[in-house]
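Student: this one's structure only:
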């Protein structure tokens, strides 16, 4: 019996050990996932730092970590100067009746790292705070009002209702408490208790399965919604708060039950141009951008390949970097599967450009690399080896086909010139400062409203918004039409040249229709159009380049002439507002610069100096001799002037050829001064009377307010869309000019059957005036006859009286 009892006990103990072991095995095999075990719990950034020391150290220096700091934190002192702005800091504190300036002693927390402003919290009760109604402007180093309501305290300044959800980590609205000040680890990776427990359970020598469980228990995602929970303007539905309540990383943010983004129609939040007007609108702007839809658009394409994901999918790029570490032996274990077009989840998101963690966390915006290099990583043809998205090549003017020299954009070659960010991430006014827009498109001059600077005239301050918008629109319209025409002509070619295809694809895929680099776009199209038979090459034989000398060199000897010239129409031929408006209206044709600038080369379509300079008329010696001492040719004949002042646009020379001046040998310089482009004797009539003295004696037509040009050089109007800048140099009199003073002299001869109602009315009015004058004249005649008769009777009576009384004597 004893042996049976001992045997039973041994068996029972063995079974128990087996059950314990089995239970342990089953517990170890159960995977742990982030947010799977009921309500998730936060552990605090200190717990994260135990394992992730390097990441924690760099993050603690970041602006995210300093989104909220205690006033007694020695590492992050208050930025404001409390010796200034006492008048701005006046508040009436609860329980007091008189206002006073708040001081450092009144503050419990500082809000913000101080990129633009820093604000401060006053404690009004247990876990209840109000934002003080004055803020420190870091840029101006001055205090300024923070006007959210007419009085303070007020719900508009309530910390819990307006700010806490984004300036803390693990905030609980019902209690007003939080886990960490600032944006810490769990704000982006989700509550970390499950992750910590999985790591503790795995121990120091985890298996591959245990490592995977640890990774699955925390969120590591490039999802832009994680950033969007705070970098956005919108409304949480349950409490109408400006930040989402209950949202956790890895979940869906933009949902009617979680968070609704403020629509673009709300002009309190959006500029009319589609750029954000309020702080923290990066996600709103990005959400409507091409970057946000980059993966969606790729998946819809029949030509999509996995290699395209390098630029169209951030999770693909991250996975490729991870696989590279496995291949290099930096990570052990089984590498994850490569992401494909079908499995990719995210397009171009925040972390495509911004580093989530950085070795230099205080660097502005935590970009992964220098801005221009960051953009051209994808906005170029380096990755494809074919014409796909050649923005960099177009902007820098890289040669793409043999025999056509590249022309860099003027923006690219300018010292400290604009780059991608200047135009595509413009700074827009937001509160007391400006912010880089993430709409990723310029503020067009025609879209900008009052108070919002447009992208173009912010730099080109000498141009008006109307001019700039016309220039953009007309340039793009012209290039678009030229592309359409070239494509149609190319399609008709039996054996089309491949280089033409390259040019058309290059311009089309660049997408700017000439704005990125008009000169290069124009030159490429010129070559393609010439080869396709759309245009004829007349520039080489008609417009030979002429050497241009800097006018300041001429001024060393010819000071007076240079002084007269520098304010003349010639000197400003390419700079006057009239020219700039017409230039933009006609899509900036480069051939205009043959006459409106100096040193124009038709082959390169480049010019050397603005305006018409000295050597445009004074031709340098052809034998290469130096001037001085060698003489130069002075172009003082009318034909020289006619090289520009001719044609439909400015036909002064063509008209002069038909004039009596031409047949009499009177040239341009006989009337016009060459250096200031005025008149020989300043005054019009004085200049004309130098030859036409007899015409000056006409007292009617040469009255004080009349000049010769009123009749002999009538102004022409626009015709056929061409602006004519002539004053009719034929000197002939158009009979129509008579009506300028005398009215319509033929009006009364118009027959009744051909009269318009307006003409008939005018005739009636004129006839009434004539009738009235005739009536007055008749009345005067009758009065004169009667008066004369009476006078005659009186005179006869007086004569009779004199004779009669004379006889009596």
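Tutor: Noted; the coordinates are in hand. Remember, predicted model here, so these are calculated numbers, not experimental data. Numbers count the residues shown, from 1 in each chain.

Student: could you list the low-pLDDT ranges of the stretch 451-600 of the chain?
Tutor: Of all residues in the stretch 451-600 of the chain, those with pLDDT under 70 make up the ranges 536-545.

Student: the strands in it, which residues?
Tutor: Per DSSP state E, counting those that start in this stretch, the stretch 451-600 of the chain carries strands over the ranges 597-598.

Student: what's the answer for the stretch 251-400 of the chain, then?
Tutor: 260-261.

Student: just for it, where's the confidence low?
Tutor: Scanning the stretch 251-400 of the chain for pLDDT under 70 picks out 360-363, 383-385.

Student: go again using 90 as the cut-off
Tutor: Residues of the stretch 251-400 of the chain meeting the criterion pLDDT under 90: 331-334, 356-366, 381-388.

Student: measure the nearest residue to residue 371 once chain neighbours are set aside to residue 372 for me?
Tutor: Setting aside the residues directly before and after it, residue 371 is nearest to residue 421 in space (Cβ to Cβ, 6 or more residues apart in numbering), at 5.1 Å. Every residue, glycine included, has its C-beta placed from N, CA and C. Computed as Cβ to Cβ, to the nearest Å, the residue 421 to residue 372 distance reads 8 Å.

Student: how about residue 466?
Tutor: Applying Cβ to Cβ, the value for residue 466 to residue 372 is 31 Å.

Student: again with residue 596
Tutor: Computed with Cβ to Cβ, the distance linking residue 596 and residue 372 is 33 Å.

Student: looking at those two, which has the bigger crowd around it?
Tutor: Neighbour comparison, residue 596 and residue 372: the larger count goes to residue 596, with 21 against 16 (by other Cβ atoms under 10 Å).

Student: give the contact list for the more buried one.
Tutor: By Cβ atoms under 8 Å, 6 or more residues apart in numbering, residue 596 lies in contact with 573, 574, 579, 611, 612.

Student: and the strand of greatest length in the chain, what does it pack onto?
Tutor: Longest strand of the chain, by residue count under DSSP state E: strand 117-125. Counting contacts by 3 or more Cβ pairs under 8 Å, 6 or more residues apart in numbering; DSSP states H and E, strand 117-125 packs against strand 109-111, strand 128-131, strand 134-137.

Student: now do the first one: distance to the chain's middle.
Tutor: Read it as strand 109-111. Centroid separation for strand 109-111 versus its chain: 35 Å, with Cα atoms, centre = their mean, to the nearest Å.

Student: quick one: average pLDDT of it?
Tutor: Mean per-residue pLDDT for strand 109-111: 97.

Student: which residues touch that strand?
Tutor: Residues contacting strand 109-111 (Cβ under 8 Å, 6+ apart): 67-71, 76, 78-79, 118-121, 129, 131, 163, 167, 181.

Student: in its sheet, what does it sit against?
Tutor: In the sheet, strand 109-111 lines up against strand 68-70 (antiparallel), strand 117-125 (antiparallel) (DSSP bridges).

Student: any idea which of the ones you listed gets closest to residue 525?
Tutor: Residue 525 sits nearest to strand 117-125 of all those, at 49.4 Å, using Cβ to Cβ.

Student: residues of the closest one that come out buried?
Tutor: For strand 117-125, a neighbour-count test (16 or more other Cβ atoms under 10 Å) marks 117, 118, 119, 120, 121, 122 as buried.

Student: can I get those in TSV including pLDDT and distance to residue 550?
Tutor: Listed next are these as TSV, based on pLDDT from 0 to 100; distance: Cβ to Cβ, whole Å:
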residue	pLDDT	distance to residue 550
117	96	49
118	97	52
119	98	55
120	98	59
121	98	63
122	98	65
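
Student: relative to residue 204, which of the residues you listed is nearest.
Tutor: For the buried residues of strand 117-125, the nearest to residue 204 is residue 121 (42.5 Å; Cβ to Cβ).

Student: the residue nearest to that closest one when sequence neighbours are not counted - how many residues pack around it?
Tutor: Nearest non-adjacent residue to residue 121, counting by Cβ to Cβ, 6+ apart: residue 109, 4.1 Å away. For residue 109, the neighbour count with other Cβ under 10 Å is 20.
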